[in-house]
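# A predicted structure for the sequence below; I have some questions about it.
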Amino acid sequence: SSETKHYRESFFATIHKSSLDIKGADDLELYRFCRLSATRFAGTVINGKKGLVSILNPEYFTLKEEIKDYNLRLYDVKEPTPRLYVASRAKIVDSEKAIDTWIKSRPSKGAKVSMADNTAGYHDLIETKPDIGSPFEDSRLLFLDPEATQQKERLDMKNVQDKLDGTALPAVPEFKKGEVVEGSGKCEFLHEATGSVSISVNMAKAGFVVLCDRFYPGWQVQIDGLPGTICRANGFMRAVYLRPGAHLVQYQYRPRSLFAGFYLALSALIINLIIAFWGARTWLWSIILYLSNGKWPESDNGCKEVGA
């Protein structure tokens with residue numbers, strides 16, 4: 001739950017500041033949260049503990065249906081964020097908490113508050129060095145995953161060759177906090193299954209490709225067959241930085257905690273077997289002697305064991 005704590009905190013904060021709890025609220029913060037989290041639909045109750053619940057601001061939410069039998073209202077989020085896109089304007093931030101400041105900020109008087117791509121005031125917020133949130137994903141524990149270790153060796157060999165050729169470039173440039181990266185290109189899904197996503201990308205201008213799936217420990221990415229770096233987009237989602245040209249991006253869920261758990265369980269089994277064998281060593285030795293010569297060895301008090 002610690003990895004989803006910020007998501008839950010942001011969600012409840014925006015809900016409690018919306019017209020659902022505060023009469024006359026403009027619902028801008030809730031709308032911004034929906035855009036950042038790529039939420040396409042929203043649902044509220046019709047009647048709450050305090051009576052009839054206000055309808056969400058029609059500037060941001062379209063009432064789709066009321067189901068009185070289930071005390072439910074369904075809304076469409078206007079201009080919903082697509083699940084996959086190239087960020088036309090990405091602003092570099094140093095913490096997932098940066099989205100809280102942006103969500104709570106108020107537009108200048110008379111300014112358009114829409115978050116559509118053609119709105120100059122909107123940026124995707126990108127962390128290029130996010131805190132993964134799990135000690136098992138530390139690079140020092142890479143040896144737990146044999147496949148990831150092999151991929152890292154391939155990447156190291158390529159980096160050495162690129163340095164020799166004079167073409168070496170960092171996976172993600174050292175952007176400054178607050179810097180805006182304007183990318184352009186096209187992207188589409190190639191394949192999707194449980195725990196894996198493949199994406200085809202053609203970048204006209206270097207930038208970030210945002211996948212609106214949760215940023216969560218255990219996800220790994222390969223870019224053109226080599227290990228890449230996953231950035232955090234808009235506090236909750238995943239993104240990769242790509243240079244101009246055609247690319248194949250493959251996300252795969254391979255948590256090292258799973259490998260760590262396997263090795264710990266195997267170690268515990270081996271230790272238990274050793275302890276059990278050590279505790280039963282006298283009895284086992286007696287059985288071996290009996291099987292070899294047909295006689296039970298004498299006990300310490302000089303008497304014969306049963307069966308002697």
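Looks like it arrived, so ask away. In this text, all values refer to a predicted model and were calculated from it rather than measured experimentally.

# the lowest-mean-pLDDT helix or strand in the chain: what's the following helix or strand?
The helix or strand of the chain with the poorest confidence is helix 146-165; it has a mean of 54 (mean pLDDT, DSSP states H and E). Next helix or strand after helix 146-165 toward the C-terminus (DSSP states H and E): strand 180-181.

# before we move on, which element is Trp285 in?
helix 281-293.

# check what pLDDT the closest residue to Ser196 other than its chain neighbours gets.
In this structure, Ser196 finds its nearest non-sequential neighbour in Gln252, 4.9 Å apart by Cβ to Cβ, 6 or more residues apart in numbering. Using the backbone N, CA and C atoms, a C-beta is placed for each residue, glycine as well. In this model, Gln252 is scored at 91, pLDDT.

# what does Asp138 give?
56.

# picking up where we left off before, which SS class is the residue nearest to Ser196?
Three-state assignment for Gln252 (DSSP: H, G, I helix; E, B strand; the rest coil): strand.

# so what pairs up with it in the strands?
Ser196, Gln220 (DSSP bridges).

# now for it: which residues touch it?
Gly195, Ser196, Trp219, Gln220, Val221, Gln222 (Cβ atoms under 8 Å, 6 or more residues apart in numbering).

# ranges for the helices of this protein?
5-16, 28-36, 98-104, 146-165, 256-279, 281-293 (DSSP state H).

# which stretch in those has the least confidence?
Lowest mean pLDDT of the helices of the chain: helix 146-165, a mean of 54.

# so Gly245 bridges to which residues?
For Gly245, the beta-bridge partners under DSSP bridges are Met203.

# gap between it and Tyr85?
18 Å (Cβ to Cβ, to the nearest Å).

# these two: which is more packed in?
A direct count of neighbours by other Cβ atoms under 10 Å for Gly245 and Tyr85 places Tyr85 higher, at 19 against 12.

# so that one bridges to which residues?
Val210.

# how far does stretch 84-100 stretch from start to finish?
One end of stretch 84-100 sits 23 Å from the other (Cα to Cα, to the nearest Å).

# re earlier: chain center to the helix holding Trp285: distance?
Mean-position distance between helix 281-293 and its chain equals 56 Å (Cα atoms, centre = their mean, to the nearest Å).

# report the buried residues of stretch 43-62.
Buried residues in stretch 43-62, defined by neighbour count with 16 or more other Cβ atoms under 10 Å: Thr44, Val53, Ser54, Ile55, Leu56, Asn57, Tyr60, Phe61.

# again, but for stretch 179-193
By neighbour count on 16+ other Cβ under 10 Å, the buried set for stretch 179-193 is Val181, Gly183, Gly185, Cys187.

# strands - which of the residues you listed land there?
Per DSSP state E, strands hold the following members of these: Val181, Gly185, Cys187.

# pLDDT score for the closest residue to the first one other than its chain neighbours?
Distances taken as Cβ to Cβ, 6+ apart put Ala90 closest to Val181, at 4.5 Å, once the chain neighbours are dropped. In this prediction, Ala90 carries a pLDDT score of 92.
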